[in-house]
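**Q** Would you be able to build a 3D model of this:
(4 chains)
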Number of protein chains: 2
Amino acid sequence: MTRRPVSNPLALAVLSCLIERPMHPYEISTTLRERGKEHSIKLNYGSLYSVVEALQKHGLINAQETTRAGRRPERTVYAITDAGQAEFESWLAELLSTPVREYTSLEAGLSLMGGLPPGVVADLLGTRVEKLRAEVDTVEAMLAGAREQGVPDLFLIESVFRIRMLRAEEEFVTQLSRDIRSSALPGTKAWGRVHELIAAGTSFEEISADPLRYLGEEGRALLPPEPSS
Amino acid sequence: MTRRPVSNPLALAVLSCLIERPMHPYEISTTLRERGKEHSIKLNYGSLYSVVEALQKHGLINAQETTRAGRRPERTVYAITDAGQAEFESWLAELLSTPVREYTSLEAGLSLMGGLPPGVVADLLGTRVEKLRAEVDTVEAMLAGAREQGVPDLFLIESVFRIRMLRAEEEFVTQLSRDIRSSALPGTKAWGRVHELIAAGTSFEEISADPLRYLGEEGRALLPPEPSS
DNA sequence: TGGCAAATACTCCATCGCGAGTAATCGACA
DNA sequence: TGTCGATTACTCGCGATGGAGTATTTGCCA
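**A** You can find the predicted model right below:
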């Protein structure tokens, strides 16, 4: 089980709205959008309505009234319960205090990058750097706009954080791309040679059967790990 | 649609194994574990088998033979197809070249931190810093161990990246915690006052109905956004 | 040689997440 | 007065996800 009765962070955002006052789901969604929360918490209708239902099932919110204007679909207004308030506080505290392991797509890519030739990888990483810069610019523009409107940093802190992390990634990727191109990254020479051999028709299985022959000393890393003495 | 015929990054790892030689699913899982890929790509059996099935359905891999030793469950050996090889290369290229927006739990927490009083948040962030440091130490120990075994950085790069990102987060959180405690973060004063009022029994709805009265000039940020001239 | 833990090799299924689809209403312009 | 796009307010269903469960075999130690 996933620790929290409702695990989607959107549920936390829902609770945060209902702490202010009772609302119906659609109003919650527009409120979150207005405040820019959807940039830090994924929001889509499918999840919203199922999350609201789950919150109700667990007694964290209560349906108050269902009204209808004309023959539109009815709007059910929900209010937070004491249990919901407690869940909000303890969940938020956990989010802030406890890092969770998140698997990013770049980590996945890096861990398998040996599957493409070094020159190609260096180029791809170069492209990534450009896109990261563009993204930073976008977020910074947003941030500047909001500050100009008088929004205090308290409500913008997640964007400040986002920019910091994008910058850190950009620096790392820039450096890595350089290190691959210059072969400063240990292992790059053998990596390049493997791909040359493959391009020339040698199969991967042949190379890994006798890496020392094909790659010299650098090929030793492909051998089964030495038994620790 | 999710762009790729099979969207789970585990599928990419599966393809990377089958490029080396045909394997059965369980062997894929042990291979990935041995190489430490499970630290950068989430691996569990449920996903593994459904991903393998999906890859086969889309013609990216082929079942070769199903053997059985004794009366154990049968092992189906899969081989990669040309389409699978192509998918591997194009997917990996995309992962490396194109940042995707990933919603982290800290971003969610930061965007809602106003829901807890500033002092509490500063403490929680302090706790987080300690845990981040412990995590960095763990990953660094792993890294040092692997390097000693002669594994070149090429195969460890995702851990180097991970450490960099953890460090960047640690720096940000350290600074933020300090800025909250010192009220250097714009908005902190009003934030604290709101929570004092709530603790004293004032409802949130009263405060947001007339923020200027309760919070002075700083309360202006709670008013509906001024119409842009 | 008896027994027990670890490794092998999956299977099952309840829950979740997602985005496309729907259907009514409102505003505004011509 | 007609209509066309935007907004309001949800519904539906399929596929992914994850982790507990199962059943066999092997290794090992007493």
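**Q** all helices for chain A, in order.
**A** Here chain A has its helices, by DSSP state H, at A:9-20, A:25-34, A:45-57, A:82-97, A:105-111, A:118-148, A:157-181, A:188-199, A:204-209, A:211-215.
**Q** Quick one: the ones you listed as CSV, columns for distance to B:Arg4 too.
**A** Using the backbone N, CA and C atoms, a C-beta is placed for each residue, glycine as well. Listed next are the helices of chain A as CSV, based on distance: least, Cβ to Cβ, whole Å:
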stretch, distance to B:Arg4
helix A:9-20, 25
helix A:25-34, 28
helix A:45-57, 21
helix A:82-97, 30
helix A:105-111, 11
helix A:118-148, 17
helix A:157-181, 22
helix A:188-199, 24
helix A:204-209, 23
helix A:211-215, 32
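**Q** How about chain A: which residue is closest to DNA strand C?
**A** Per Cβ to the nearest atom of the strand, the residue of chain A with the smallest distance to DNA strand C is A:Gly46, at 2.0 Å.
**Q** Could you measure from that residue over to A:Glu53?
**A** Separation of A:Gly46 from A:Glu53 (Cβ to Cβ, to the nearest Å): 11 Å.
**Q** Would you mind telling me which of those two has more residues around it?
**A** Set A:Gly46 next to A:Glu53 and count neighbours by other Cβ atoms under 10 Å in any protein chain shown: A:Glu53 wins out with 14 against 7.
**Q** what's that one in contact with, if anything?
**A** A:Glu53 makes contact with no residue, according to Cβ atoms under 8 Å, 6 or more residues apart in numbering or on different chains.
**Q** Quick one: low-confidence residue ranges for chain A.
**A** Across chain A, residues meeting the criterion (pLDDT under 70) sit at A:1-2, A:67-73, A:222-229.
**Q** change it to 90
**A** Applying pLDDT under 90 to chain A flags residues A:1-6, A:64-76, A:149-150, A:203-229.
**Q** which one is the residue nearest the centre of chain A nearest to, not counting chain neighbours?
**A** Geometric centre of chain A, nearest residue: A:Thr104, 5.9 Å, by Cα atoms, centre = their mean. Distance criterion Cβ to Cβ, 6 or more residues apart in numbering or on different chains; nearest residue to A:Thr104, sequence neighbours excluded, is B:Glu102 at 5.6 Å.
**Q** Isn't the one you found up against A:Glu107?
**A** No: using Cβ atoms under 8 Å as the test, B:Glu102 is too far from A:Glu107 to be in contact (10.4 Å).
**Q** surely A:Arg162 meets A:Glu140?
**A** No: A:Arg162 is beyond contact range of A:Glu140, at 10.0 Å (criterion: Cβ under 8 Å).
**Q** In terms of neighbours, single out the busier of these two.
**A** Between A:Arg162 and A:Glu140, A:Arg162 has the larger neighbour count (other Cβ under 10 Å), namely 23 against 15.
**Q** Can you tell me the closest non-neighbouring residue to the more buried one?
**A** With Cβ to Cβ, 6+ apart as the criterion, A:Arg162 has its nearest non-adjacent residue at 5.8 Å, and that residue is A:Val139.
**Q** Tally up the residues packed near the one you found, please.
**A** 15.
**Q** separation between it and B:Leu125?
**A** For A:Val139, the distance to B:Leu125 equals 21 Å [Cβ to Cβ].
**Q** next one: A:Glu102
**A** Counting by Cβ to Cβ - A:Glu102 and B:Leu125 are separated by 18 Å.
**Q** So which of these two has more stuff around it?
**A** A count of neighbours by other Cβ under 10 Å puts B:Leu125 above the other of A:Glu102 and B:Leu125, at 24 against 13.
**Q** So the more buried one sits against A:Leu95, correct?
**A** No: using Cβ under 8 Å, B:Leu125 is not in contact with A:Leu95; the gap is 10.9 Å.
**Q** follow-up on the earlier one: ok, so what distance separates the residue nearest to the centre of chain A from A:Leu15?
**A** With Cβ to Cβ as the criterion, A:Thr104 and A:Leu15 are 27 Å apart.
**Q** dump the residue contacts of A:Val77.
**A** Going by Cβ under 8 Å, 6+ apart, the list of residues near A:Val77 reads A:22-24, A:63-67.
**Q** got a list of what A:Gln64 touches?
**A** A:Gln64 makes contact with A:22, A:76-79, according to Cβ under 8 Å, 6+ apart.
**Q** Run through the bridge partners of the residue nearest to it when sequence neighbours are not counted.
**A** Spatial nearest neighbour of A:Gln64, chain neighbours left out: A:Val77 (4.6 Å); criterion: Cβ to Cβ, 6+ apart. Residues in a beta bridge with A:Val77, per DSSP bridges, are A:Glu65.
**Q** Excluding residues flanking it in the chain, which one is nearest A:Ile198?
**A** That would be A:Phe204: by Cβ to Cβ, 6+ apart, it lies 6.5 Å from A:Ile198.
**Q** neighbours of that neighbour, just the number please.
**A** By other Cβ under 10 Å, the residues close to A:Phe204 number 13.
**Q** okay but it is in contact with A:His195, surely?
**A** No: between A:Phe204 and A:His195 there is no contact under Cβ under 8 Å: 10.2 Å.
**Q** before we move on, back to that, filter the contacts of A:Val77 down to just the buried residues.
**A** The neighbour count (16 or more other Cβ atoms under 10 Å in any protein chain shown) marks A:22-24 as buried among the contacts of A:Val77.
**Q** Could you point out the member of the residues you listed that lies closest to chain B?
**A** For the buried ones among the contacts of A:Val77, the residue nearest chain B by Cβ to the nearest Cβ is A:Pro22; the value is 10.0 Å.
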